[in-house]
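>>> Need the 3D shape of this:
(3 chains)
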Amino acid sequence: MSRSIPQSESRNYVPLYLILFPTFLLLAIFCLIPFIWAFVTSFYEYEVGAPAHFVGLSNYSTYLFHDHTLGESLGNMAFLTLFAVVVTVIVPLTIAKLIFSLSSPRASYVYRILFLIPILVPSVAVQLIWKDFIYSGTGLLNQFLNILHLSNLTRGWLSSPHTVLTSIAFIGFPFANGIQILIYYAGLTSISDSVHEAAFLDGATGVRKFLTIDVPLVLSQIKLLVILTLIGGIQSFESLFILTRGGPGFKSTVPGLWMYFNAFSFQKMGYACSIGVLLFLLILVLTVINLKFFRSSEDVTAASI
Amino acid sequence: MKSKRQDIFLHAVLILFAGVTLLPFVLVLNNSLRGNYEIYHHFFALPHNLIEIPRTAYLRLTGQPSSSTISSLLMETTKGYRYAWSIFRPFMLNALITSGASALGVILFGSLSAYVFSRYRFPGHRVLFLVVLSFMMIPGVLTLVPSFLLVKRLHLINSYWALILPYVAGGQILAIFLFKSFFDALPQELFESARLDGANHLQQYWHLVLPLSKQIIAVVAIVNVLGTWNNFLWPQVVNPDTTYAVVSTGLFLMSETQANSDRSVMFAAYVISALPLLILFVYATKPFMQGITSGAFKA
Amino acid sequence: MKHVILLFIVGVSIWALLPPRGGSSEVISSSVATREQGGVKYVIRVDPGPLYLPGLVPENAKAPVQGFRVVADAFEKLYPDTRIEFLGCPEGTREWLVTQLSSAQAPDIIQVNARDAWQDVRKHWYIPLDGYLDEPNPFVAKGEPGSIRWWDQFKYPVHTQSTRAPDGRIYNVSLDMIETGIYYNKTIFARYHLSPPKDWVEFLGIMRMLKAAGIPSPMLVEKRDFTDWGCDIIFDQMYGNMRPLMDLNYDPRRGEDLNGYLDWDEVTLLHRHGFFTPRDDRWRETFRILREWREFMPQDMAGTDFFKGFVTQQGAMLWASSLTLPRLVNDPHLGFEWGMFYLPSIPSSYSRFADGHPMSAVGGAANQYHVTNSSLSDTPAEMPFEQRMEKSERLKRTIAFLQFMCMPKNCNTVVNEITAFIPNIKGVDSRPELAPFDEFLTRHYSMTKWFFTFDLQFDEVLERMFDLYMNDGISLDSFLDWMQDNIDSASATMTRQHHPDFAPLEKTWESHAGMRKNYTDLPAEAR
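Next up is the predicted model:
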């Protein structure tokens, strides 16, 4: 934010606040009030439809110190989220670079559209396809292994405790998300030719050029996608619910899923809210770290000039 | 010479990626035309009844006997679609209204607020912007019950507002972020000249900013509609009355009884529910791609 | 190009918008139209469950189901001020149930699993029906079953009783029963000269042989069913000969047939005395047998639909409920003959705890119609619950509809329209295809239902850990440790919620001391 932006012309801020008013009114009513409700409830033992009892911090302490699922589910969440983050950084960027390197603009346009088409399929449908037709006992993956005479490797990919988490992480393979590709593509096109030429004169080619020139210059895109993936990874549990309900055992349970079960199946709304509040804090901390400690491309550009 | 070889290599890799990526999409499409038995036995085959149509047509034309008529084959093939449609039809309009209105609201409030955040410095502008962004970090399940109780308290149950207002409230957060990044990148001189012409805040927004923002509007609209169109739980909870049910509700109810009906119905339902998105997509692809490539997506 | 696509889409949409020919379905919208008509005082919304929803076309079936609509039309003729609306609901989705019931906006009658309802009866979300069940059903002619007590209409009182909530009251009625059995592939059996097994040893032998012959998974059963039914039937085989010793509370309302059924308070007390712990050898044996059986099931137990495995002959036996029957009967492509048998008993030669008594039945009420708090909407919410129940005219009309449904003619219209359930009303026969299930249903009921005993958290942990154990994720010892914790914490929760008096149970336990001497294999604390 180095550019100078004018002060409000008349120093009369009232119209500005008025314009912001609807946004904040909606946020206050439909986002803040429910959140405060949930925050307050996290200090109560509460079952929807029954009276609540104040229990102080006991929901938090029970979850942090006495819940059998905590360690395992945090581990699962960390694995799935980190995996998603790594994949989000690598695959779409690579594809964007490949598309960017095409000499024909027409072909590059066609590819960008092709990769966008799958966003029309609801994620539920994708998960059901993976569950029923790819990972199932008679699914494609096992049939493929049989063809390769690797029958001893076949298994129920989502039912075996040893493979369930990795299998879930690989859903959506090859992770070529059309929107993410476009975002990186945008970053690449904004890199000026002079930078490339300078790199060429330095003798940087191929992969080295990609790593030393392109990647640092799309850092701000990477940062945004990493933050969004982190938030999504920590919050989301719907796909796990559809795929395995978090089983077998707790092998694919994440805190968000456990919060869901506690809130609606086990009737422990207060307990569920305490898990939710902790997740909110976790996301907050991670986002701040991400914003503070990773320099954006503007900084890099500024430093390089 | 080198670039040609390189292109062939690039095409090979990209086609491979695109093929695997599109596979689920193709499977949904193919299976929507096939009965359970076909899916069970020949997962990779084309729809049997559909393939029979040209053969039957040929037999008919040449006057040879055929076991089935073209129309019966057509009916059999489209069974899933006809059934899914009979369930969806009453809900299609509701879904268009709620998703459309939410997208409009998100665009309006999101762009207005983003415009203020981007163009002006006023007391608290930074803090307020961070407050908006921090709402993105609240897990959705956490607020499901309180949001429901709230909507109930506001007497919005069984109305379009029960969907639209929360969708706008939640959807505008990311929209504000995207609009602001986009507006930040607009050339400063434009506003200078407009200001000298005596345009006030809203005039500048309306005459200057909006016409320049078609692409980012397309992005926000598509991202928002993608989110609201497939959301099934919230409509189910706040609008139990079928008068206000949306397409995803029908989809959800269908999946509940999935084991007892043809798979083709489920897959056809996915295709039908995606049709309005497809139309939107056909018309907005270009501005959408320009919008994303405009550089609004960065942190 | 874009416009061509758009035109195409518009064209297809117009074609699709044309009314479907051939009397196709108008699923959920059918009832909405009737609402507009004047003079209607009560609109009663009914969720008849996914299989009876008027307009729904079941797999491989030609016509949509209409039974409920037909009966409702007759009811509306009797009561012109009442309209019955049918709608599909995601009853299995807890967040839907919780939000709708807590705000009294669920349908007046919903089909929900009793286990789900039990969680919420304390909050007055459901109407207890005992009072009505003890009174006559007004629609029944004098002298017919039900003319003295509504209760007498039910053909299978034992199973109907088993949905009684932990508070001792009953909150639902069922028009139909569901039972399980083994569907077997007669063609495969004939090929290997096999016939339905007479005992568990033979049963294992058949599976071993089929597996060796190249049938990949001779035994098919869905994961959840295996946990639910499997635990119950093997438990019954292991503990059956200790019934008198373990039954600490004879509940006269259950009648002779369910004598010996273990309620959660009995399970809790037995657990305190060492039963169902890692020290309990019978408990250990129960899960060892289940694990041994699992070897003949598909590698992937997480699959959603083992029916597919059966019709494609990947497996030779399918343990499933009568719900599967219409799918088999209607399948036009089925390339084999099939038959049915029930699970054979475990002989003492196989397990020292078994005595060879027949396997118990595990089925029960299929569609469980609960009357919700929405039916009280014509009374002020501040009024005490009991008073609301007395005052509400809407409730009376809702109950009347349920009673009307229980008339044999109406039950027949609804239940026998689809060949999936066994009618639970006296005077209504099952469809001939369901004959084997009629026999299975006459078997004794299992000693307890583990999946129904405690709360949903207990079920969730049981299901997950059982799954993990069955897939070699943990050892039998760790599984039993988990179960110990699970029973402990579920007992604590239930005790806190229901404040039971354990003293009488403890007293009966003392009085059984002599009986316990006859058993040498009890856990140490119990002796």
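
>>> Hmm, C:F235 is touching C:T286, no?
Yes. Contact criterion C-beta atoms under 8 Å: C:F235 and C:T286 qualify, at 5.4 Å. Glycine gets a C-beta too; all of them are placed from N, C-alpha and C.

>>> For the one helix or strand A:S274 maps to, give me every contacting residue.
Taking DSSP states H and E as the definition, one finds A:S274 inside helix A:269-293. Residues outside helix A:269-293 that contact it (C-beta atoms under 8 Å, 6 or more residues apart in numbering or on different chains) are A:38-39, A:41-48, A:52, A:55, A:59-60, A:62-64, A:223, A:226-227, A:230-231, A:234-235, A:255-256, A:258-260, A:262-263, B:134, B:137-139, B:141-142, B:145, B:299.

>>> For the stretch 101-250 of chain B, which segments count as helices?
Counting by DSSP state H, counting those that start in this stretch, one finds helices in the stretch 101-250 of chain B at the ranges B:125-134, B:144-153, B:161-184, B:188-196, B:201-203, B:210-212, B:214-229, B:233-238, B:247-256.

>>> Would you tell me which of those gets closest to A:I19?
Among these, helix B:201-203 comes nearest to A:I19, with 6.8 Å by C-beta to C-beta.

>>> which non-adjacent residue is nearest the residue nearest to the spatial centre of chain B?
In chain B, the centroid-proximal residue (C-alpha atoms, centre = their mean) is B:L226; its distance is 2.4 Å. Spatial nearest neighbour of B:L226, excluding adjacent residues (C-beta to C-beta, 6 or more residues apart in numbering or on different chains): A:I119 at 6.4 Å.

>>> hang on, that neighbour packs against B:G227?
No. Under the criterion of C-beta under 8 Å, A:I119 makes no contact with B:G227, lying 11.1 Å away.

>>> Dump the C-alpha coordinates for stretch B:29-40 into CSV.
Listed next in CSV are the C-alpha coordinates belonging to stretch B:29-40 (Å, rounded to 0.1, in the frame of the first residue of the first chain):
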residue,chain,number,x,y,z
LEU,B,29,-22.7,-37.1,-17.8
ASN,B,30,-22.4,-40.7,-19.0
ASN,B,31,-24.0,-42.4,-16.0
SER,B,32,-26.9,-40.0,-16.0
LEU,B,33,-28.1,-41.9,-19.1
ARG,B,34,-27.6,-45.4,-17.8
GLY,B,35,-29.6,-47.7,-15.5
ASN,B,36,-28.1,-49.2,-12.3
TYR,B,37,-27.5,-52.5,-14.0
GLU,B,38,-25.4,-51.0,-16.8
ILE,B,39,-23.4,-49.0,-14.2
TYR,B,40,-22.8,-52.2,-12.1
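
>>> ok, and what's touching it?
Counting by C-beta under 8 Å, 6+ apart, B:45-50, B:76-81, B:262-264, B:267-268, B:270-271, C:59-60, C:308, C:311-312, C:331-333 sit against stretch B:29-40.

>>> Okay, and which of these map to helices?
Judged by DSSP state H, the contacts of stretch B:29-40 include B:48-50, B:76-77, B:79-81, B:263-264, B:267-268, B:270-271, C:308, C:311 as members of helices.

>>> Can you give me every residue that contacts C:W200?
C:W200 is in contact with C:344-347, C:350, C:354, counting by C-beta under 8 Å, 6+ apart.

>>> Quick check, pLDDT for the closest residue in space to it that isn't next to it in sequence.
What sits nearest to C:W200 in space, not counting adjacent residues and going by C-beta to C-beta, 6+ apart, is C:I346, at 4.2 Å. Per-residue pLDDT puts C:I346 at 96.

>>> so who does the residue of the stretch 51-200 of chain A found nearest chain B touch?
Distance from chain B to each residue of the stretch 51-200 of chain A (C-beta to the nearest C-beta) is smallest for A:A186, at 3.7 Å. Counting by C-beta under 8 Å, 6+ apart, A:A186 touches A:221, B:292-295, B:297.

>>> Return the backbone torsion pair for residue 159.
Because you didn't say which chain, this covers chain A. Main-chain dihedrals, A:S159, degrees, to the nearest 10: phi -100, psi -20.

>>> Enumerate every residue touching the residue lying closest to it once chain neighbours are set aside.
Using C-beta to C-beta, 6+ apart and skipping the chain neighbours, the partner closest in space to A:S159 is C:A302 (3.7 Å). Going by C-beta under 8 Å, 6+ apart, C:A302 touches A:131, A:136, A:156, A:158-159, A:244, A:248, C:223.

>>> What of C:T379?
The neighbours of C:T379, taking C-beta under 8 Å, 6+ apart as the test, are C:387-388, C:391-392.

>>> burial measure for the spatially closest residue to A:L128 that is not a sequence neighbour, as a count.
Once flanking residues are discounted, A:L128 sits nearest to A:I242: 7.1 Å by C-beta to C-beta, 6+ apart. Applying other C-beta atoms under 10 Å in any protein chain shown, we find 15 residues neighbouring A:I242.

>>> Then A:V226?
21.

>>> Low-confidence stretches in the stretch 101-250 of chain A?
Within the stretch 101-250 of chain A, the stretches with pLDDT under 70 are A:191-205.

>>> Which residues of it lie near chain C?
A:131-132, A:135-139, A:154-162, A:244-250 (C-beta under 8 Å from any C-beta of the partner chain).

>>> 10 Å - rerun?
Counting by C-beta under 10 Å from any C-beta of the partner chain, the residues of the stretch 101-250 of chain A close to chain C are A:128, A:131-132, A:135-139, A:142, A:154-162, A:164, A:243-250.

>>> Before I go, just wanted to say thanks for your time.
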